[in-house]
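*Asks:* Could you work out the structure for the sequence below:
(chains A and B)
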Amino acid sequence: DGGITQSPKYLFRKEGQNVTLSCEQNLNHDAMYWYRQDPGQGLRLIYYSQIVNDFQKGDIAEGYSVSREKKESFPLTVTSAQKNPTAFYLCASKRTDSYNEQFFGPGTRLTVL
Amino acid sequence: SQQGEEDPQALSIQEGENATMNCSYKTSINNLQWYRQNSGRGLVHLILIRSNEREKHSGRLRVTLDTSKKSSSLLITASRAADTASYFCATDPLIQGAQKLVFGQGTRLTINP
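*Replies:* Residues are numbered from 1 along each chain as shown, chains lettered A, B, ... in the order given. Here you go, the predicted structure:
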């Protein structure tokens, strides 16, 4: 089955720790995205990548880092510099030649203890 | 930045009734998309309407777009309990090479049996 997978589904972090959220897709999509969603809110863009080895900051990149070494993978690291990291994190991908319809993974819920 | 604003923030109706959600945005767009999110899950793409289209249908969904008023509406006819979810509009800004969407805050729809 083609799709996007995110792991883990739930993640707990102690203050001061870095954690990495995984996002993998087998849709052969060029572009990948990371969003943050707070309770009852919409999605805010953290980082996006349109091609391997290249990525751009979104609206709320501070305290986060990403890498794009493979087309299929776009991991997100939540660093200790992110002051309020508790949130639901969503990964998405799309074909760059499409009308920008995005396909989403199931999400990772991060809680800081 | 959150370009889209959705109205109402929450909507509760009886099964079988129609549900209408509205979205307003601020800048020129290539297209506007609607997504559904079940609680604690990823988003699912519902329908895309291009800036040169005024109305589009997909099953029980009807979307309208008024670019002069920078607004869109999503109508779900003959609602079912399974339609209970949050619905988000997302705009694809008319910026060359943007390749990213801007999401609204969402409308939480509850269908009562």
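*Asks:* How about the residue of chain A found nearest chain B, nearest residue that isn't a chain neighbour?
*Replies:* Nearest residue of chain A to chain B (Cβ to the nearest Cβ) works out as A:Phe104 at 3.6 Å. For every residue, glycine as well, the C-beta is placed using N, CA and C. The shortest distance from A:Phe104 to any non-neighbouring residue, by Cβ to Cβ, 6 or more residues apart in numbering or on different chains, is to B:Gly42 (3.6 Å).
*Asks:* Can you report how many residues neighbour the one you found?
*Replies:* The tally of other residues near B:Gly42 (other Cβ atoms under 10 Å in any protein chain shown) stands at 21.
*Asks:* for the one 5 residues further on, same thing?
*Replies:* A count of nearby residues for B:Ile47, using other Cβ under 10 Å, gives 18.
*Asks:* Now the strand or helix carrying it: buried residues?
*Replies:* Assigning secondary structure by DSSP states H and E places B:Ile47 in strand B:43-50. Using 16 or more other Cβ atoms under 10 Å in any protein chain shown as the test for burial, strand B:43-50 gives B:43, B:45-49.
*Asks:* ok, now stretch B:76-92?
*Replies:* B:76, B:79, B:83-92.
*Asks:* just the helices in chain A please.
*Replies:* Using DSSP state H, no helices are found in chain A.
*Asks:* what sits opposite the most centrally placed residue in it in the beta ladder?
*Replies:* Nearest to the mean C-alpha position of chain A, by Cα atoms, centre = their mean, lies A:Trp34 at 3.0 Å. Counting by DSSP bridges, A:Trp34 is bridged to A:Tyr47, A:Cys91.
*Asks:* A:Arg44 is in contact with that one, correct?
*Replies:* No. Between A:Trp34 and A:Arg44 there is no contact under Cβ atoms under 8 Å: 9.9 Å.
*Asks:* got any residues that touch both of those two?
*Replies:* A:Gly58 (Cβ atoms under 8 Å, 6 or more residues apart in numbering or on different chains).
*Asks:* and A:Leu90, how many neighbours does it have?
*Replies:* Other residues close to A:Leu90 by other Cβ under 10 Å number 26.
*Asks:* Tell me the spacing between it and A:Gln25.
*Replies:* Using Cβ to Cβ, to the nearest Å, we find A:Leu90 at a distance of 13 Å from A:Gln25.
*Asks:* which residues do these two both contact?
*Replies:* A:Gly105.
*Asks:* Can you pull the residues of chain A lying near chain B?
*Replies:* Within chain A, the positions adjacent to chain B are A:4, A:31, A:33, A:35, A:40-45, A:48, A:50, A:58-59, A:88, A:90, A:92, A:94, A:96, A:99-107, A:109 by Cβ under 8 Å from any Cβ of the partner chain.
*Asks:* are any of those residues buried, and which?
*Replies:* A:4, A:31, A:33, A:35, A:42-45, A:48, A:50, A:58, A:88, A:90, A:92, A:94, A:100-105, A:107.
*Asks:* Strands along chain A, start to end?
*Replies:* Counting by DSSP state E, chain A has strands at residues A:4-7, A:10-13, A:19-25, A:31-37, A:43-51, A:54-57, A:64-66, A:76-78, A:87-94, A:103-104, A:108-112.
*Asks:* how about the residue in chain B that chain A sits nearest to, what does it touch?
*Replies:* Closest residue of chain B to chain A, Cβ to the nearest Cβ: B:Gly42 (3.6 Å). By Cβ under 8 Å, 6+ apart, the contact set of B:Gly42 is A:4, A:90, A:92, A:104-107.
*Asks:* Many thanks, I have nothing further to ask.
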